[in-house]
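how would this look folded up:
(chains A and B)
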Number of protein chains: 2
Amino acid sequence: MLTDKEILKLINDAIEADPFNGSPGELYEPLDYILALGGKRIRPVLLLLTADMYSGDLQKALPAALGIELFHNFSLIHDDIMDNAPIRRGKPTVHIKWNPNTAILSGDTMLVKAYEKFLKLPDQYLRPALDIFNQTALEVCEGQQFDMNFETQGTVKIAEYLEMIRLKTAVLIGASLYLGGLLADAPENDLRNLYNFGIHIGLVFQLRDDLLDTYGDEKAFGKKNYGDIAANKKTFLYLKALENAEDEDRKRLSTLFSSDMVDPEEKILSTLGFFEKTGVKQATEDEIKKHQKLAQEYFDHLMVVPDRKKIMWEYTEILAGRTT
Amino acid sequence: MLTDKEILKLINDAIEADPFNGSPGELYEPLDYILALGGKRIRPVLLLLTADMYSGDLQKALPAALGIELFHNFSLIHDDIMDNAPIRRGKPTVHIKWNPNTAILSGDTMLVKAYEKFLKLPDQYLRPALDIFNQTALEVCEGQQFDMNFETQGTVKIAEYLEMIRLKTAVLIGASLYLGGLLADAPENDLRNLYNFGIHIGLVFQLRDDLLDTYGDEKAFGKKNYGDIAANKKTFLYLKALENAEDEDRKRLSTLFSSDMVDPEEKILSTLGFFEKTGVKQATEDEIKKHQKLAQEYFDHLMVVPDRKKIMWEYTEILAGRTT
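Numbers count the residues shown, from 1 in each chain, chains lettered A, B, ... in the order given. This is a model prediction of the structure:
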């Protein structure tokens, strides 16, 4: 079995060995650029760790792992345009370094290239792999649209928020695990459990991100606190605070998040006060624990001997942020 | 055999019978909107006419026809953003009626939906159909990037222009014919001939469009003349005029097309003068004839009895604009 670090190297080597040398260069250079920004390659690592857990042939599964990574990067290019984000991983985003038109078209090209990777899979896997990939791709678009809707939508229910992050983040994690199992001929029942394991890992991952924005250790987290508050982001914390607050406080918190006239420092302090009063830190930790428990249950059901489960479990523990 | 009008009805009925009722509505409404703008559905009509020519099962080929139409509409949504186009078929474009973000994301969704249609094809056709579709999708993106590059590129050679319109327009026509043949089990050799027939039909189609902008009958063509000249578009006519002109005239024409300071009426008159002097009307007609001849040769090689070829030939004759 390979460690997650060895699998990450395998993925990065494959990406480096096969740059996009197509013509015109203006179309393909942004693809190499965004892939070279690196990142943890969580989704393809999970896919190959899963295949390895079932003693599958990693070379056979590799095209799907690369396809998932290309899809993820396509979504980053387009999301960065929509979110008006100037920086990704410390470098200018594609629409800033080039221009929005190039970012639209290079993103499209990257999506088509993701399908090209799937077309390298052996015949018997082609349809089932594309079925889950295509369904997931649609859901990720739906999640992004819900996220954009929430910006202007008056009331967002907690259930709506959880459904949004399930679509925008969790389903691609679930699909990565499912594909790893599929391509290693895991039992049908395990595929469902892998998918659901991934869904809850993905939810934990995103909820932890929400929590760390406010309560994280800036140094360990590597990101300044309160970015979500400054940007009026309707995170789990904010929505939970609204839900738990008394009428008067609910109005005041909601006003804080809809006005640009408030002094930023004051806004953060007031928001932290509301968060404290409504107990959202504990509520978020409870929600995270709930999904960690569900993830563990699905993982426990997998028909794999404990020895082969160890690397995956440890990797997802770190992902889920228990150790940081 | 069905006529092209009956096939068009079959396609429109299939589109109307299966609207995008997904959630969130903001994501899916633009897809129904752009499909409802209508149009001639040239690509799916060609696909099904081809399948019918080989006595194929039209219901079996229908998902590919719809997939091609969805892909074409995806490219329209994104191209309209890039080209800053406010109007399509007399109605506001998606990025104007909604906003650019929705147009980006709805376009992405439409591209994924196109693949979903292909996933409805029977197993034995899935890989070959997706192979040609995916290759074509990449080429269409490349064509659009070349087209955008040409706007700021100093010199564009005629050969580069022809390659651009081959990628941007002709390959999707070629792929439609290829897929129609593939799904009706046409002989391997015919698939190549169908593809090349489509390529040259596509080139004729685009060159005719260039010609009609300047020399078309406004009433019959349904579009005002000289739009390409006003927009400084590097059409076949303009590039041919540059190629044929003497040094002095070449500079003057090139200056006309790079300045926004020229009075529009004057610019059109001067350009028409250069076009006249360099004989580009005849040169474009010659280029069209060349591709019509090549198209006919590929068509003649198809292993189909003349009786079954008639509807297709007449349809492409009209497309190629011989009769208008």
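
so, low pLDDT: which residues of the stretch 201-324 of chain A?
A:221, A:322-324 (pLDDT under 70).

closest residue of it to chain B?
In the stretch 201-324 of chain A, the residue that lies nearest chain B is A:K234 (15.3 Å; C-beta to the nearest C-beta). Placement of C-beta: from N, CA and C, glycine included.

which residues does A:S258 contact?
For A:S258, the contacting residues are A:N232, by C-beta atoms under 8 Å, 6 or more residues apart in numbering or on different chains.

what helix or strand does it sit in?
Taking DSSP states H and E as the definition, one finds A:S258 inside no helix or strand.

check which helix or strand the residue of chain A positioned farthest from its centre maps to.
The C-alpha centroid of chain A is most remote from A:E248, which lies 35.3 Å away (C-alpha atoms, centre = their mean). Assigning secondary structure by DSSP H and E places A:E248 in helix A:247-256.

next secondary structure after that helix?
In N-to-C order, the element after helix A:247-256 by DSSP H and E is helix A:264-278.

buried sites along stretch A:237-257?
Buried residues in stretch A:237-257, counted by 16 or more other C-beta atoms under 10 Å in any protein chain shown: A:237-242, A:244-245, A:249-250, A:253-254, A:256-257.

do stretch A:73-87 as well
A:N73, A:F74, A:S75, A:L76, A:I77, A:H78, A:D79, A:D80, A:I81, A:M82.

is that stretch in proximity to chain B?
Yes. Using C-beta under 8 Å from any C-beta of the partner chain, stretch A:73-87 reaches chain B at A:H78, A:I81, A:M82.

and stretch A:127-138, by the same measure?
Yes. Under the criterion of C-beta under 8 Å from any C-beta, chain B is reached by stretch A:127-138 at A:R127, A:L130, A:D131, A:N134, A:A137, A:L138.

what's next to that stretch, contact-wise?
A:64, A:67-68, A:71, A:111, A:114-115, A:118, A:121, A:171-172, A:174-175, A:178-179, A:182-183, B:22, B:109, B:112-113, B:115-116, B:119, B:123, B:126, B:130.

buried sites along it?
A:A129, A:L130, A:I132, A:F133, A:N134, A:T136, A:A137, A:L138.

determine how far stretch A:148-167 lies from the middle of the whole chain.
16 Å (C-alpha atoms, centre = their mean, to the nearest Å).

now do that stretch: distance from first to last residue.
Stretch A:148-167 has an end-to-end distance of 13 Å (criterion: C-alpha to C-alpha, to the nearest Å).

would you mark the buried spots in that stretch?
Under 16+ other C-beta under 10 Å, the buried positions of stretch A:148-167 are A:M148, A:N149, A:F150, A:V156, A:Y161, A:L162, A:E163, A:M164, A:I165, A:R166, A:L167.

who's in contact with the second one?
This means A:N149. Counting by C-beta under 8 Å, 6+ apart, A:N149 has contacts B:P24, B:E26.

following the longest helix that chain A contains, which helix or strand shows up next?
What stands out as the longest helix in chain A, according to DSSP state H, is helix A:123-152. Of the helices and strands lying after helix A:123-152 in sequence (DSSP H and E), the nearest is helix A:158-165.

before we move on, back to that, report the two of the buried residues of stretch A:127-138 separated the most.
A:A129 and A:L138 (15.4 Å; C-beta to C-beta).

circling back to that earlier point, for the helix holding A:E248, packing partners?
Other helices and strands packing on helix A:247-256, by 3 or more C-beta pairs under 8 Å, 6 or more residues apart in numbering or on different chains; DSSP states H and E, are helix A:236-244, helix A:264-278.

would you turn these into CSV with distance to chain B?
As requested, these are exported to CSV (distance: least, C-beta to the nearest C-beta, whole Å):
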stretch, distance to chain B
helix A:236-244, 18
helix A:264-278, 25
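
distance to A:G202 for those - can I get that in TSV?
As requested, these are exported to TSV (distance: least, C-beta to C-beta, whole Å):
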stretch	distance to A:G202
helix A:236-244	14
helix A:264-278	24
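
and the stretch 101-250 of chain A, which residues reach chain B?
So far as C-beta under 8 Å from any C-beta goes, the stretch 101-250 of chain A lies against chain B at A:101-102, A:104-105, A:107-109, A:111-113, A:115-116, A:119, A:123, A:126-127, A:130-131, A:134, A:137-138, A:141-142, A:144-146, A:148-149.

just the buried subset of those, please.
Counted by 16+ other C-beta under 10 Å, those give A:101-102, A:104-105, A:107-109, A:111-113, A:115-116, A:119, A:126, A:130, A:134, A:137-138, A:141-142, A:144-146, A:148-149 as buried.

what's the spacing between the closest residue in space to A:R308 that isn't next to it in sequence and B:V171?
Closest residue to A:R308 apart from its sequence neighbours, by C-beta to C-beta, 6 or more residues apart in numbering or on different chains: A:M53 at 5.1 Å. A:M53 sits 42 Å away from B:V171, going by C-beta to C-beta, to the nearest Å.

what inclination does the host helix or strand of A:L31 have with respect to helix B:123-152?
Using DSSP H and E, A:L31 maps to helix A:25-36. Per axes from the mean of the first three to the mean of the last three C-alpha atoms, to 10 degrees, the angle that helix A:25-36 makes with helix B:123-152 is 110 degrees.

coming back round to it: list just the nearest of the residues of stretch A:73-87 next to chain B to chain B.
A:M82 (4.4 Å).

that closest one: what's it in contact with?
A:Q144, A:M148, B:N101, B:I104, B:L105.

let's see 7 Å
A:M148, B:N101, B:I104, B:L105 (C-beta atoms under 7 Å, 6 or more residues apart in numbering or on different chains).

farthest-separated two in the residues you listed?
Within those, two members stand farthest from each other by C-beta to C-beta: A:M148 and B:I104, at 10.4 Å.

rewinding a little: tell me if I'm right that the residue nearest to A:R308 and A:D307 touch.
No. In this structure A:M53 lies outside contact range of A:D307 using C-beta atoms under 7 Å: 10.1 Å.

more neighbours: which of those two?
A:M53 (25 against 8; other C-beta atoms under 10 Å in any protein chain shown).

now do the contacts for that one.
A:V304, A:R308, A:K309, A:M312.

run the last query once more with 8 Å
A:M1, A:G180, A:A184, A:L302, A:V304, A:R308, A:K309, A:I311, A:M312.

are any of the residues you listed buried, and which?
A:G180, A:A184, A:L302, A:V304, A:I311, A:M312.

for chain B, see how far away the first one is.
Here A:G180 is placed at a distance of 21 Å from chain B (C-beta to the nearest C-beta, to the nearest Å).

in contact with that residue, which residues?
Counted by C-beta under 8 Å, 6+ apart, A:G180 has contacts A:46-51, A:53-54, A:56, A:61, A:64-65, A:194.

excluding chain neighbours, what is closest to it?
A:T50 (2.7 Å).

past the host helix or strand of the one you found, which element shows up next along the chain?
Assigned by DSSP H and E, A:T50 falls within helix A:42-53. Moving toward the C-terminus from helix A:42-53, the next helix or strand (DSSP H and E) is helix A:58-82.

that following helix: how far from the chain's middle?
Distance, centroid of helix A:58-82 to centroid of chain: 11 Å (C-alpha atoms, centre = their mean).

C-terminal to that helix, what's the next element?
In N-to-C order, the element after helix A:58-82 by DSSP H and E is strand A:87-88.

what's next to that next one, contact-wise?
A:I34, A:L37, A:L76, A:D80, A:T93.

ok, and the closest non-adjacent residue to the first one?
In this case it means A:I34. Closest to A:I34 by C-beta to C-beta, 6+ apart is A:N73, at 5.2 Å.

OK, contacts around that neighbour?
Counting by C-beta under 8 Å, 6+ apart, A:N73 has contacts A:L31, A:I34, A:L35, A:M110.
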